[in-house]
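Asker: Sequence and computational prediction follow.
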Amino acid sequence: MSNLVIKAAFTCAASLSLFMSSGCHSSHSSQFSASEKQFPVGIQPFSTYLEEVEAYLYQHRTFISDDKAKEVTMNMPFECGSQYTETGLLLVHGLGDSPFFFRDIASSLCQEGVHVRTILLPGHGSKPGDMLNVSYQQWQKETNHHITLFSRDVDNLYLGGFSTGANLTTIASFTMADQLDIKGLVHFSPAYKSRFFVSRLAPYVGSLFPWPNVEEEDNPSRYNSTAMPGFAAYQESVNALQDLFSASASKQSNLNLPVFMVVAEKDSVVDTLTIAQQFKGNFTHPKKCLVWQGENEPDIPSNMRIVQTMKLPEQRISAASHMSTLFSANNSLYGTQSDFRICDNGQSDEKESRCIAGEEVWFGPWGYEPTEEEKPHVYARLTYNPYFEKVVDQVIAFIGKDEATAFCKSE
């Protein structure tokens, strides 16, 4: 999930006028209609799951280029390091995204002897129309299925996710951590709470406004458009998790589970201060670390946080974005050598046009509010993590593949 919630919020106002508005888009294109065949779920073993998902994508994906094999590969679930059984990490992607988001982190960890596995959530990877039939319950059930499946293949199981995927794996941990002896959580831009109140309406307006935003589909790794049932599924994951975090004293509201998080302070999608507070209060295990990419240090003990400045003028970077936490500067699509730009960044039409035209840009999150000195700059989305190698080192230390003394240390 990147700017999808933002686009929906600004397209459909957070008021009763939402229900009377004609501003929410609809589309009659085939890519905005659901496939007749349902996405394969509950499949085992993992090798059969891969075969069935691949067949489904080739049959139902609306391709945006002539290279069908490349697009399918980018959206496919995958695993690496399958020869290793000591330590495994299951990763779940975000709303509208794909397993491609984990290619960089998986490659780095598998080289260190970690078995990494990713899944593709139903409704993803094929065409935006397939999001019309998704639900939170479906995503949670599929996540739980793959957690159980992977637990049989590794001795020490870790769970992780990006954005919505972090919600799903955290929720699963409340009921499965003890049963499956889950060792910890590894989260990138967890979407525990949205910045926008309007997202709370999504579960109630799907039938009225199935398409809060319709965009040109030009990104092979994710959707630019997402149907309201997708937003609703995300919001219901938020509701489920916040209910767990705020449970009464008679119920479990905390997770005594090691956790590692990377959060972009200026993330335009999620409420990062709430995430920091819940990191501090709801994760009670002493082994935890919050990597905070920004300038204002959160109220977290110094031995449980790493603060990484994102004021990097030599790289023309002003702030981290929701998606930038995951990618290496060498990523084929989102890295510094790629010509792919996300210019839809909450700036003026004139500056967006200059970005599209190829003018030199600065980088930040959607809707970044520049300082006086930065105001003349044209912005594109920051799509890579300038501290990627340092984050990888921390993940390796967290899961025990490096000296424990290196964990949650800035250098």
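Answerer: Great, that's in hand.

Asker: Show me where the stretch 301-411 of the chain dips below the pLDDT cut-off.
Answerer: Counting by pLDDT under 70, the stretch 301-411 of the chain contains low-confidence ranges at 401-405, 411.

Asker: let's see 80
Answerer: Counting by pLDDT under 80, the stretch 301-411 of the chain shows low-confidence ranges at 401-405, 410-411.

Asker: for the chain, same thing?
Answerer: 1-29, 196-201, 203-208, 248-252, 401-405, 410-411.

Asker: switch the cut-off to 70
Answerer: Answering for the chain: the residues below the bar, that is pLDDT under 70, span 1-28, 197-198, 206, 248-251, 401-405, 411.

Asker: All the helices of it, in order from the start?
Answerer: In the chain, helices defined by DSSP state H lie at 4-11, 17-20, 46-60, 68-75, 103-110, 136-151, 164-180, 202-205, 228-245, 272-282, 349-356, 388-398, listed in chain order.

Asker: Can you list the helices and strands that the longest one packs against?
Answerer: Translated: helix 228-245. helix 4-11, helix 136-151, helix 164-180, helix 202-205 (3 or more CB pairs under 8 Å, 6 or more residues apart in numbering; DSSP states H and E). Bear in mind the C-beta positions are built from the backbone N, C-alpha and C, glycine included.

Asker: Identify whichever of the ones you listed lies nearest to Gln315.
Answerer: Taking CB to CB as the criterion, Gln315 comes closest to helix 4-11 out of the helices and strands packed on helix 228-245, the separation being 24.2 Å.

Asker: any chance of the helices of the chain in JSON lines, plus mean neighbour count and distance to Trp366?
Answerer: Formatted as JSON lines, those follow (neighbours: other CB atoms under 10 Å; distance: least, CB to CB, whole Å):
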{"stretch": "helix 4-11", "mean neighbour count": "22", "distance to Trp366": "6"}
{"stretch": "helix 17-20", "mean neighbour count": "13", "distance to Trp366": "21"}
{"stretch": "helix 46-60", "mean neighbour count": "16", "distance to Trp366": "28"}
{"stretch": "helix 68-75", "mean neighbour count": "17", "distance to Trp366": "22"}
{"stretch": "helix 103-110", "mean neighbour count": "21", "distance to Trp366": "21"}
{"stretch": "helix 136-151", "mean neighbour count": "19", "distance to Trp366": "24"}
{"stretch": "helix 164-180", "mean neighbour count": "22", "distance to Trp366": "17"}
{"stretch": "helix 202-205", "mean neighbour count": "19", "distance to Trp366": "18"}
{"stretch": "helix 228-245", "mean neighbour count": "22", "distance to Trp366": "16"}
{"stretch": "helix 272-282", "mean neighbour count": "19", "distance to Trp366": "14"}
{"stretch": "helix 349-356", "mean neighbour count": "14", "distance to Trp366": "12"}
{"stretch": "helix 388-398", "mean neighbour count": "20", "distance to Trp366": "21"}
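
Asker: Export those helices as CSV, with columns for distance to Ser126.
Answerer: Conversion of the helices of the chain to CSV gives the following (distance: least, CB to CB, whole Å):
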stretch, distance to Ser126
helix 4-11, 17
helix 17-20, 28
helix 46-60, 4
helix 68-75, 8
helix 103-110, 19
helix 136-151, 15
helix 164-180, 17
helix 202-205, 21
helix 228-245, 13
helix 272-282, 30
helix 349-356, 27
helix 388-398, 29
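
Asker: Relative to Pro258, which of those is closest?
Answerer: Smallest distance to Pro258 across those (CB to CB): 7.1 Å, for helix 388-398.

Asker: who does that closest one touch, helix- and strand-wise?
Answerer: Contact partners of helix 388-398 among helices and strands, from 3+ CB pairs under 8 Å, 6+ apart: helix 103-110, strand 182-188, strand 259-264, strand 288-293.

Asker: change it to 10 Å
Answerer: The contact analysis (3 or more CB pairs under 10 Å, 6 or more residues apart in numbering; DSSP states H and E) places helix 388-398 against helix 103-110, strand 156-162, strand 182-188, strand 259-264, strand 288-293, strand 305-308.
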